[in-house]
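Participant: Give the three-dimensional model of this entry:
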Amino acid sequence: MLHISNKVIIPESEIEISAIRSQGAGGQNVNKVSTAIHLRFDIAASSLPNYYKEQVLKLNDRRITQDGVIVIKAQEHRSQENNRESALKRLQELIQSAVVVRIKRKPTKPTRSSQRKRLDYKTKHGQVKSNRGQVIDE
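Facilitator: Residues are numbered from 1 along each chain as shown. The predicted structure follows:
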């Protein structure tokens, strides 16, 4: 069972996990033992609420295929169990991040005093720069 929120739980039967060999250097162990985890989760066929499905499918994430399947590959750790936990945690974080309600930004205007201060600074700075010119003796 993967807990997404208090009311939303994904049964492990909906998550397809397979062990594969890790990529890259790793000595003798990497060629013999399948420690990496390949996780697949079909969004449409899952028991997630419709709102969750819609929000996850709206995400612009390279881990979500065009068919609506989340594919996560975990190979950071040396043990299969740690990679499995890492993959499940990343799936959980991905789904949770999709349903976070983002607060709309209210555009604001600078205050009159801040505008005045900015313009005063610009004129003073301009005067300082103009005074740096060459001195002409008459």
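
Participant: Give me the mean pLDDT for stretch 130-138.
Facilitator: On average, the pLDDT along stretch 130-138 is 80.

Participant: Also stretch 58-65?
Facilitator: Mean predicted lDDT for stretch 58-65 stands at 83.

Participant: count of neighbours near the nearest residue to Ile10 once chain neighbours are set aside?
Facilitator: Of all residues not flanking Ile10 in the chain, Leu2 sits nearest, at 4.3 Å (CB to CB, 6 or more residues apart in numbering). C-beta: built from backbone N, CA, C; applies to glycine. Residues within reach of Leu2, counting by other CB atoms under 10 Å, total 16.

Participant: from memory Leu2 sits against Ile9, does it?
Facilitator: Yes. Assessed by CB atoms under 8 Å, Leu2 is found in contact with Ile9 at 6.8 Å.

Participant: follow-up on the earlier one: separation between the residue nearest to Ile10 and Ile43?
Facilitator: 14 Å (CB to CB, to the nearest Å).
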